[in-house]
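Q: Predicted model, plus sequence, below.
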Amino acid sequence: MSATSSADVEKLKKLVLHSPVILTLSEVGDVKDEMIPKNVQQFWISCSTRDKQLYMLSLLKLELVQKKILIFVNTIDMGFRLKLFLEQFGIKTAVLNAELPQNSRLHTSLRNSMRDCRIQKSKRHPKPKLDSEFGVVRGIDFKNVYTVINFEMPLNAAGYVHRIGRTGRAYNTGASVSLVSEDEMEVFEEIKATLGEEEDDSKGGSNFIAPFPLLTKNAVESLRYRAEDVAKSVTKIGVRE
């Protein structure tokens, strides 16, 4: 067995091997060879950065997404800010991030096994990003996650595919919802292009990301006053504590 294929390996293969098998593995981040399961429905919602907490509250409070739910953010600060915001409305959450020791993360996961939502933080820096995007979930088995929500969009299609891969496991059905602000529209379009969404749409494939159909503008606006009031009460001091 060889991890690489050189000219010498090719010569050796012809001399001593009978019916050799060549196994080609894609690199991490090579999303063209990866596939989102057909049993996972993908949706997106266009909203401003300022209104993301409002839309998140609407999805959860109106029970428009099925539990268990895994929410992705890009910073630790936002993870705890969102946790404090949601818990003001009685929505139980737990925060996971790659900077916690693995034993601590496991303990938190077990201790909060009955919680409805888990908020996972991923970094923006190139190298640590791989550790957090793909590594924080190692050692923690997210069983029975039905819905993945991108509160903040990942930086590329590889991050998107790995996030969505937390649901739809073992042939179970699942769903994802991405909250996309105007600033994130460019990366969102790049993700769709990388996944080949247009071609998939015409074939009814699994890579099509559809507008979320269940949340109306009136429903969102009915929660705005309370949501904005609570959001103001979540201060930087509260997040640090």
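A: Yep, it's here. As the structure is a computational prediction, the values presented were derived from the model and not from experiment.
Q: Going C-terminal from the helix or strand bottoming out on mean pLDDT in the chain, what's the next secondary structure element?
A: The helix or strand of the chain with the lowest confidence, counting by mean pLDDT, DSSP states H and E, is helix 126-130 at a mean of 39. The helix or strand immediately downstream of helix 126-130 is strand 147-150, counting by DSSP states H and E.
Q: What are the boundaries of the helices in the protein?
A: 7-16, 52-61, 76-87, 102-111, 126-130, 157-164, 185-195, 197-203, 217-222, 224-233, 236-240 (DSSP state H).
Q: Those: lowest mean pLDDT?
A: Mean pLDDT is lowest for helix 126-130 among those, at a mean of 39.
Q: Give me the distance between the two termini of stretch 209-227.
A: End-to-end distance for stretch 209-227, by Cα to Cα, to the nearest Å: 27 Å.
Q: buried sites along stretch 73-82?
A: Neighbour counts over stretch 73-82 (16 or more other Cβ atoms under 10 Å) mark 73-74, 76, 78-82 as buried. From N, CA and C alone the C-beta is placed, and that goes for glycine too.
Q: now swap in stretch 155-171 and tell me
A: Within stretch 155-171, the residues scored as buried using 16+ other Cβ under 10 Å are 155-169.
Q: Does V220 touch K61 like I think?
A: No: V220 is beyond contact range of K61, at 10.6 Å (criterion: Cβ atoms under 8 Å).
Q: neighbour count winner among those two?
A: Ranked by neighbour count (other Cβ atoms under 10 Å), V220 and K61 place V220 first, with 19 against 16.
Q: who touches the more buried one in this structure?
A: For V220, the contacting residues are 51, 54-55, 58, by Cβ atoms under 8 Å, 6 or more residues apart in numbering.
Q: Any chance of the residues you listed in a markdown table with neighbour count and distance to E189 as columns?
A: Shown next, in a markdown table, are the contacts of V220 (neighbours: other Cβ atoms under 10 Å; distance: Cβ to Cβ, whole Å):
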| residue | neighbour count | distance to E189 |
| --- | --- | --- |
| D51 | 17 | 20 |
| L54 | 21 | 24 |
| Y55 | 22 | 20 |
| S58 | 23 | 25 |
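Q: any idea which of those is closest to V177?
A: When the contacts of V220 are compared for distance to V177 (Cβ to Cβ), Y55 wins out at 9.2 Å.
Q: Cool, thanks, talk later.
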